[in-house]
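Here is a sequence with its predicted model. Questions after.
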Amino acid sequence: MNLIISETYEEMSRRAADIVGRVIREKPDCRLGLATGGSPIGMYNYLVEDYRNGKLDFSRVDTINLDEYMGLDGNHPQSYRYFMNHYLFDHVNIDKNKTYVVNGVGDPEKNLAEFQKKINEKPIDVQVLGIGADGHVGFNEPSDALFASAHITDLVDSTIVANSKYFDKKEDVPKKAYTMGMGDILKAKKIVLIIKGRHKAEVVKELLYSDKITTKNPATMLRMHNDVTILIERNIYDIVHTETRVITTDEVLMDYDLGSEPVVTERFGNGHINDTYRVTLKNGKYCLLQKINKRVFTKPYELMENVSRVCDFVANKTADRRRSLHLVKTKEGNLYYIDAEGEFWRMYEYITDSICLDKAETPEDFYQSAVAFGEFQNSLADFDATTLYEVIPNFHNTVSRYKDFRRAIEENKSGRADECSDEIEFYLAHEKIAGEIVDKLASGELPTRVTHNDTKLNNVMLDAKTRTALCVIDLDTVMPGSVLYDFGDSIRFGASSADEDERDLSRVYMDLSLFEAYTKGFLSACGKSLTDKEKEMFPMGAIMMTLECGMRFLTDHLNGDTYFRISREGHNLDRSRTQMKLVQDMENKMSEMNEIVKKYS
């Protein structure tokens, strides 16, 4: 979570409006999830001001509101439809047909069904939230259990009392309301939580400082989201900020000489390991700030040494600054900043006029990702990989991974071994090929190279206009290894016909056309730097990386889901099954894969 502390409500509202406004400018047809109440009013005022000053265009925006009182129609002064018209919609060029607030009157079941249908129609790009004194979000009140989807809720007395200030008397406050469920809220791509009011200090303290996620304080559920920005007034922060020290991004930025004042810092990207923020400077430029996850990377000094050396080596091979990563040094000339709590921060220059995709939208996108990773490999062909630190020991040592797997079977910490005996048997039957890559690396039959080890499409920057490859990012796992690791993992993830956790295995197979597109792009960029043996083993690399990943998913399932993040019971088991299906399909298509590799070698 990104915590932004403001000295005044006005400053906090301005910052919230800047975050929402940036979403609108970057995606003119975005969907905004909106909230009502006292907390976001200042933000709406600034959004209207920005529109009037020509800075924002709402003509293509659509919106959906969190909730609405049951029993109030849209013309009632205390309905949330009336609120939104009054504070925002009536003052900007938005098409009101694209604004949705659930109908507060009429058939409740029909209204609720329509509400959920509207929620599911289009993802929310940014969800604005407030928080109640009891921790409620929307009208998701504290309870023994929370609803995931839209529902009708009974308002607790504390909420009724808090909202009675907007009515003539307490008895006039509706007793029921429609609200999005917590699952609906957490599906938003970005969440902005605006906290106003000292009386909310206790629930805010639990949100910020407790590791506990509880339905008794629904706001704590936001800790499960990977892109939450919390805006809080100084007077509230000073109350909750007692024994625990929270380092804010504003404090970290003070150690960097950026040449211009930072005006907005917001969570950026979809990474699950490090915390990444995009910093907007007053001069219109950007930079990226990251806090390194020390639980994953236990030796950040060594990690940063690897990253720095690889960045410099690649940068020296190109005159185009956008084709490599560039670290920004601190005022003292260091590659990283260590805060008062011992956390490591670093900063990169922002790659201008670029885009990053989570999934390939066309085969050409996948081809360009292959070119990017191929160029990365080619530019480092004369780098002595053995001088790099192994920041995660035995990361792609399949033999070692099998030892971990057998240990997990023996210990059976979760008690799940019996329910997945078929899967265990499959992976154990393939143990005979575990040494295919590591043994040849040890013997020198395969050369040791710099490997990226996380070759997903969203680690490639593409030119925003031409959609051609610029460079590879996220170098935290660069280590000595085999080129087969990078090629194989790209095929495992990118050439699959289905999501990594698809339950319907009939939909899972390796797409040979995508295999060919990647092989063509990769070899066009680095084929001349590779040995014949490396190219010959590309298909085996795809099988090995898929086998290893599936076994790791199953190992985690047996250990009680302690490593990979899950969102449902049996999630890691589902993932391991998709990898099994991919391995089987790859084995059946081995001859076709070999012919494709020969075609482009």
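Noted; the coordinates are in hand. In this text the structure is predicted, and so the values were computed from the model without any measurement.

could you pull out the helices for the stretch 101-250 of the chain?
Using DSSP state H, counting those that start in this stretch, the helices of the stretch 101-250 of the chain run over residues 108-121, 157-163, 182-186, 201-209, 234-240, 249-253.

and if you look at the stretch 401-550 of the chain?
421-429, 438-443, 483-494, 512-526, 532-536, 538-559.

Save those helices as CSV, and put in mean neighbour count and mean pLDDT too.
Where you see a C-beta, it was placed from the backbone N, CA and C, and this is true even at glycine. Putting these into CSV (neighbours: other C-beta atoms under 10 Å; pLDDT from 0 to 100) gives the following:
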stretch, mean neighbour count, mean pLDDT
helix 421-429, 15, 97
helix 438-443, 15, 96
helix 483-494, 26, 96
helix 512-526, 22, 96
helix 532-536, 15, 97
helix 538-559, 25, 97
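
In a markdown table: those, plus distance to Glu109.
Shown next, in a markdown table, are the helices of the stretch 401-550 of the chain (distance: least, C-beta to C-beta, whole Å):
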| stretch | distance to Glu109 |
| --- | --- |
| helix 421-429 | 42 |
| helix 438-443 | 60 |
| helix 483-494 | 42 |
| helix 512-526 | 44 |
| helix 532-536 | 62 |
| helix 538-559 | 39 |
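
So for Lys465, which of those sits nearest?
Of all these, helix 512-526 sits nearest to Lys465, with 19.3 Å by C-beta to C-beta.

Going by neighbour count, list what's buried in stretch 218-226.
Going by neighbour count (16 or more other C-beta atoms under 10 Å), the buried part of stretch 218-226 is Pro218, Ala219, Thr220, Met221, Leu222, His225, Asn226.

Kindly reformat those residues as a markdown table containing pLDDT and distance to Asn378.
Shown next, in a markdown table, are these (pLDDT from 0 to 100; distance: C-beta to C-beta, whole Å):
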| residue | pLDDT | distance to Asn378 |
| --- | --- | --- |
| Pro218 | 93 | 51 |
| Ala219 | 93 | 49 |
| Thr220 | 93 | 48 |
| Met221 | 94 | 46 |
| Leu222 | 94 | 43 |
| His225 | 92 | 38 |
| Asn226 | 88 | 33 |
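
closest to Leu112 among those residues?
Closest approach between the buried residues of stretch 218-226 and Leu112, by C-beta to C-beta: Pro218, at 19.4 Å.

quick one: that closest one and Gly135 touch, right?
Yes. Using C-beta atoms under 8 Å, Pro218 makes contact with Gly135 at a distance of 5.4 Å.

what touches both of those two?
Counting by C-beta atoms under 8 Å, 6 or more residues apart in numbering, the common neighbours of Pro218 and Gly135 are Pro142.

Quick one, which of the helices of the stretch 401-550 of the chain gets closest to Arg407.
Closest among those, using C-beta to C-beta: helix 538-559, at 8.5 Å.

what does stretch 315-324 rub up against?
311, 314, 325-326, 349, 351-354, 379, 461, 463, 470-471.

who's in contact with the residue lying closest to Ile292 once chain neighbours are set aside?
In space, and not counting its chain neighbours, Ile292 is closest to Phe344: 4.3 Å by C-beta to C-beta, 6 or more residues apart in numbering. Contacts for Phe344 (C-beta under 8 Å, 6+ apart) come out as Lys291, Ile292, Lys294, Pro300, Met304, Tyr336, Tyr337, Ile338.

just to revisit the earlier point, Ala360: which of the helices of the stretch 101-250 of the chain is closest?
Among the helices of the stretch 101-250 of the chain, helix 108-121 comes nearest to Ala360, with 24.1 Å by C-beta to C-beta.

Counting by contacts, list what that closest one packs against.
Counting by 3 or more C-beta pairs under 8 Å, 6 or more residues apart in numbering; DSSP states H and E, the packing neighbours recorded for helix 108-121 are strand 151-154, strand 176-179.

For it, buried residues please.
Applying a neighbour-count criterion of 16+ other C-beta under 10 Å, one finds Asn111, Leu112, Glu114, Phe115, Gln116, Lys118, Ile119 buried in helix 108-121.

List just the nearest of the residues you listed to Gly435.
For these, the nearest to Gly435 is Ile119 (50.3 Å; C-beta to C-beta).

Now, the contacts of Phe344 that are in helices?
Pro300, Met304 (DSSP state H).

List only those of the contacts of Phe344 flagged as buried.
With burial judged by 16+ other C-beta under 10 Å, the buried subset of these is Lys291, Ile292, Pro300, Met304, Tyr336, Tyr337.

Would you mind identifying the helix or strand in the protein with the lowest mean pLDDT?
helix 157-163 (a mean of 77; mean pLDDT, DSSP states H and E).

so Ser13 is in which element?
For Ser13, the element it lies in under DSSP states H and E is helix 9-26.

Met540 is in contact with Glu436, correct?
Yes. Between Glu436 and Met540 there is a contact under C-beta under 8 Å: 5.7 Å.

still on that earlier bit, can the helices of the stretch 101-250 of the chain go into TSV with extra columns for distance to Ala408?
Listed next are the helices of the stretch 101-250 of the chain as TSV, based on distance: least, C-beta to C-beta, whole Å:
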stretch	distance to Ala408
helix 108-121	38
helix 157-163	46
helix 182-186	30
helix 201-209	34
helix 234-240	41
helix 249-253	38
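
Least confident of these, on average?
Sorting the helices of the stretch 101-250 of the chain by mean pLDDT places helix 157-163 lowest, at a mean of 77.

Pull out the CA atoms of that helix and give them to me as CSV.
Taking Å, rounded to 0.1, in the frame of the first residue of the first chain, the C-alpha atoms of helix 157-163 are listed here in CSV:
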residue,chain,number,x,y,z
ASP,A,157,-26.8,1.5,14.0
SER,A,158,-23.4,3.3,14.0
THR,A,159,-23.7,3.9,10.3
ILE,A,160,-27.2,5.1,10.6
VAL,A,161,-26.1,7.5,13.4
ALA,A,162,-23.1,8.7,11.3
ASN,A,163,-25.3,9.4,8.2
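
where exactly do the helices run in the stretch 251-400 of the chain?
Going by DSSP H, counting those that start in this stretch, the stretch 251-400 of the chain shows helices at 300-315, 363-379, 398-411.

out of those helices, deepest packed?
Across the helices of the stretch 251-400 of the chain, averaging neighbours per residue (mean count of other C-beta atoms under 10 Å) puts helix 363-379 on top, at a mean of 23.

Would you pull up how far that helix lies from the middle of the chain?
Here helix 363-379 is found 22 Å from its chain centre; the criterion is C-alpha atoms, centre = their mean, to the nearest Å.

how far off helix 512-526 does it point, in degrees?
Angle, helix 363-379 to helix 512-526, by axes from the mean of the first three to the mean of the last three C-alpha atoms, to 10 degrees: 30 degrees.
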